[in-house]
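>>> Build the 3D model from these lines:
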Amino acid sequence: MAIQNNNQSRSRIILGIFVVVFIVIVAQLLNLQLFSPKYRLQAENNAIFRKVVYPDRGIIYDRKGKAILDNMINYDLVVTPSEARKGVDTMTLCTILGIDTAEYRKRIITAIVKNGRYKSSTFEPLLTPELLARLNENIYRFPGFELQERPVRTYPYNVGANFLGRLGEVSSKFLKSHPDEGYQSGDYIGIAGLESSYEKVLMGQRGVQRFMRDNRARIQGPYENGDFDTVAIAGRNLYSSIDISVQALGEKMFQGKIGAAVAINPKTGGIIAMVTAPSYNPNDLSPSEYRKHIGFLILDTSRPMYNRAIAGMYPPGSTYKPIGALIALDEGVITPSYGYDCRGAYYACGKKVRCDESWAGHAADLKLAIANSCNSYFCNVFRMTVDNPKYGSPRKGYARWRTYMHGFGLGTTLGVDIPGEKGGNVPDTTEYNHDYGNRWVSCNMMTMGIGQDRMLLTPLQSANEACIIANKGWYYTPHFIDSIESQTEADTTYLARYKVKHQHLHISDADYLAVQAGMEDVTEVGTASNVKIPGIKYAAKTGTAQVPNLKNLAVFIAYAPADNPKIAIAVYVENAGYGSTWAAPIAAHMMEKYLNDTLTAETQADVDRLAKINLFPHQIFDWRRKQDSARAQRMREEARKQDSSATAKTENTKAVKTAKGETRKGNPPVSTFKSDWLSAILPDWTWGVKKDKMVKR
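All right, here's what the predicted structure looks like:
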């Protein structure tokens with residue numbers, strides 16, 4: 001009886017095991033066929049070809065409706081790894097692309113890692129026309145590979161590289177941190193300039209087309225009559241304040257020079273031109289040309305990819321003096337009639353500060369002091385501002401002066417709509433406490449009154465300074481984009497801040513008029529009287545700042561017309577000399593082009609003259625000359641290699657023909673040529689002479 005019970009127990013246990021195994025098998029079958037995405041995805045990809053349709057990115061227009069950044073159609077070679085396992089003529093593909101089989105395998109593995117075996121990935125991006133033609137002729141040899149359209153950027157005017165920005169392939173780090181923003185591996189994204197700032201507006205939305213395939217992967221037609229396709233939505237266009245003709249003119253005059261120029265419409269804050277020099281042709285960093293040019297641009301000691309207009313920090317020199325005058329007037333330490341008896345230098349602090357003018361009366365009042373740019377006058381005015389008795393100490397007086405500077409947008413970022421802006425430097429009292437303890441006085445920093453010492457501004461800030469003076473105290477944040485196509489409420493996050501009128505200081509119109517009168521005299525009888533705009537009266541201030549180990553920095557700010565300002569501008573030219581000699585003509589010609597929409601013959605001749613002058617420091621000139629020599633040498637070596645390759649190819653062709661001829665005559669087959677190149681590709685295999693096929697070593 002006990003034995004019978006034991007047998008029944010064993011039977012139940014065995015039956016239970018069979019039931020459990022059966023349930024597990026059925027559950028797994030259900031999971032694989034109904035719930036598991038793996039095999040469903042494989043089956044779907046075997047039967048359906050999914051083609052991504054990339055949308056056109058939005059176009060950027062200048063103020064006259066000219067497209068300054070446009071689209072053109074290019075092609076990528078894409079691969080679906082699961083379909084490229086058999087039948088691919090690898091040697092022909094590698095020859096066309098100029099790669100070896102090791103690189104081929106590496107790209108296939110990369111594609112699998114990025115998107116898996118059953119999704120397409122970019123194998124060779126942005127094909128040149130020659131490469132596209134060769135691949136198109138031979139694409140039937142490469143199952144699993146497809147040619148896919150992709151809109152790419154083109155820059156019709158070849159200018160504005162540093163503010164337009166560029167596209168680059170989206171990084172894996174970005175994809176991980178932005179999983180829900182619609183990007184996938186192989187997509188391109190704005191990574192600098194306006195392309196980056198307005199990426200969400202410009203990018204558009206990808207579409208997908210699905211096609212049925214037969215068991216040989218041949219396209220049979222749309223899947224479900226296209227009911228599951230999604231339409232690509234083009235990005236929206238941007239309308240900017242840029243005047244592309246003024247931009248091109250500025251870049252032409254800055255050839256062979258280092259510096260920057262920024263022109264702004266003072267009534268709106270819209271940026272008319274932003275020149276940074278040296279620069280580069282934006283087409284050189286389009287994705288198809290990137291590898292060819294990026295190395296030289298990064299290594300170039302003149303830093304062509306550095307936007308000096310918003311990130312270059314310079315001593316403003318005498319272009320600061322109108323601001324110093326306005327602060328002193330508002331504080332009540334001077335009046336427009338205040339004068340200083342300058343005889344060619346300032347000696348009051350025991351350190352000589354030289355003036356360019358020494359004739360008596362050149363600083364008899366504020367108007368003359370601005371027109372003749374008297375250093376003594378403005379050193380003394382700055383000291384009077386800091387030592388103002390109502391504050392009780394130089395520290396408090398300096399802190400009050402610094403508050404004014406921030407009110408003018410100096411020493412802080414303005415908020416322009418491209419990345420990379422710096423705020424310059426208006427030092428606080430801690431810097432002087434560190435250097436002089438608690439015993440410093442206004443004499444320790446008196447050259448701040450002439451835009452030197454530790455004061456640093458960006459060209460953008462200087463142009464905005466000219467806007468504030470032209471507007472008698474107010475400004476809009478400088479920006480490029482005025483409006484967006486089909487603007488929505490959500491777009492207010494981009495543009496609302498550029499509609500806010502800033503008036504942080506409440507300096508009287510009378511004080512501004514006094515300073516404006518002096519700046520108008522700069523162009524009539526003062527330091528820039530030799531620089532004219534035909535038929536237009538304008539106001540300006542010249543500046544010349546000392547820079548260690550180089551020639552002086554030439555600076556110029558201006559606005560025009562004087563009675564109804566429509567353009568304000570700042571120009572900085574490094575290693576140049578006087579502002580009136582180098583920076584002023586560039587500014588005047590750009591303003592003439594903007595206001596008159598043309599240049600006189602005399603102005604055009606001067607533009608050509610300026611464009612030919614090279615003011616590069618000799619160190620950069622020497623480096624570029626060496627790079628040009630090295631590049632020429634590399635080109636000669638590549639030409640020799642191509643000649644050698646062509647000769648070797650001809651000889652190999654002759655050898656093959658000879659081998660075939662000998663075989664036909666009954667001689668033993670010669671397989672040396674096949675053995676050499678096939679063994680190089682597949683080192684674990686060799687060519688079998690007798691069977692005339694590859695065999696394992």
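>>> okay, which residue is most central for this structure?
residue 165 (3.2 Å; CA atoms, centre = their mean).
>>> so how far is residue 240 from it?
13 Å (CB to CB, to the nearest Å). Bear in mind the C-beta positions are built from the backbone N, C-alpha and C, glycine included.
>>> Give me the common contacts of the two.
Residues touching both residue 165 and residue 240 (CB atoms under 8 Å, 6 or more residues apart in numbering) are residue 194.
>>> correct me, but the residue nearest to the centre of the chain touches residue 188?
No: using CB atoms under 8 Å, residue 165 is not in contact with residue 188; the gap is 11.9 Å.
>>> Now the helix or strand harbouring residue 11: buried residues?
Using DSSP states H and E, residue 11 sits in helix 2-30. Residues of helix 2-30 classed as buried by neighbour count (16 or more other CB atoms under 10 Å): none.
>>> Stretch 181-193 now?
For stretch 181-193, using 16+ other CB under 10 Å, the buried residues are 183, 185-193.
>>> repeat for stretch 407-419
For stretch 407-419, by 16+ other CB under 10 Å, it's 407-411, 414, 416-418.
>>> Just give me the closest of those to residue 469.
residue 408 (9.3 Å; CB to CB).
>>> Can you name the residues that contact the closest one?
Neighbouring residues of residue 408 by CB under 8 Å, 6+ apart: 323, 465, 468, 504-505.
>>> Any stretches of the stretch 101-250 of the chain with poor pLDDT?
For the stretch 101-250 of the chain, the stretches flagged by pLDDT under 70 are 213-220, 226.
>>> And the helices in the stretch 451-600 of the chain, which stretches?
459-470, 492-495, 509-524, 583-596 (DSSP state H, counting those that start in this stretch).
>>> Give me the buried positions along stretch 83-91.
83-84, 88.
>>> from those, which single one is nearest residue 310?
residue 84 (46.5 Å).
>>> Quick check, pLDDT for that closest one.
With respect to pLDDT, residue 84 has a value of 83.
>>> How about it, nearest residue that isn't a chain neighbour?
Once flanking residues are discounted, residue 84 sits nearest to residue 144: 3.0 Å by CB to CB, 6 or more residues apart in numbering.
>>> same check, this time on residue 152
residue 74 (4.4 Å).
>>> Could you export the one helix or strand that neighbour maps to as PDB, CA atoms only?
Here residue 74 sits within strand 67-79, counting by DSSP H and E. C-alpha atoms of strand 67-79 as PDB (Å, rounded to 0.1, in the frame of the first residue of the first chain):
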ATOM      1  CA  ALA A  67      17.900  84.300 -48.500                       C
ATOM      2  CA  ILE A  68      21.200  84.400 -46.600                       C
ATOM      3  CA  LEU A  69      21.000  80.700 -45.700                       C
ATOM      4  CA  ASP A  70      19.200  78.300 -47.900                       C
ATOM      5  CA  ASN A  71      18.800  74.500 -48.600                       C
ATOM      6  CA  MET A  72      19.900  72.200 -51.400                       C
ATOM      7  CA  ILE A  73      19.300  68.500 -51.900                       C
ATOM      8  CA  ASN A  74      22.100  66.100 -51.000                       C
ATOM      9  CA  TYR A  75      22.200  62.400 -50.600                       C
ATOM     10  CA  ASP A  76      23.400  59.900 -47.900                       C
ATOM     11  CA  LEU A  77      24.300  56.300 -48.500                       C
ATOM     12  CA  VAL A  78      22.400  54.400 -45.800                       C
ATOM     13  CA  VAL A  79      22.600  50.700 -44.900                       C
END
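>>> Where do the helices of the stretch 301-450 of the chain begin and end?
Remark: helices assigned in the stretch 301-450 of the chain by DSSP H, counting those that start in this stretch are 308-311, 321-331, 366-372, 375-386, 394-407, 429-436.
>>> The ones you listed: which one's closest to residue 581?
helix 366-372 (16.3 Å).
>>> contacting residues around that closest one?
Applying CB under 8 Å, 6+ apart, the external contacts of helix 366-372 come out as 321-322, 325, 329, 334-340, 356-357, 361-363, 374, 377-378, 514-515, 517-519, 521-522, 524-527, 541.
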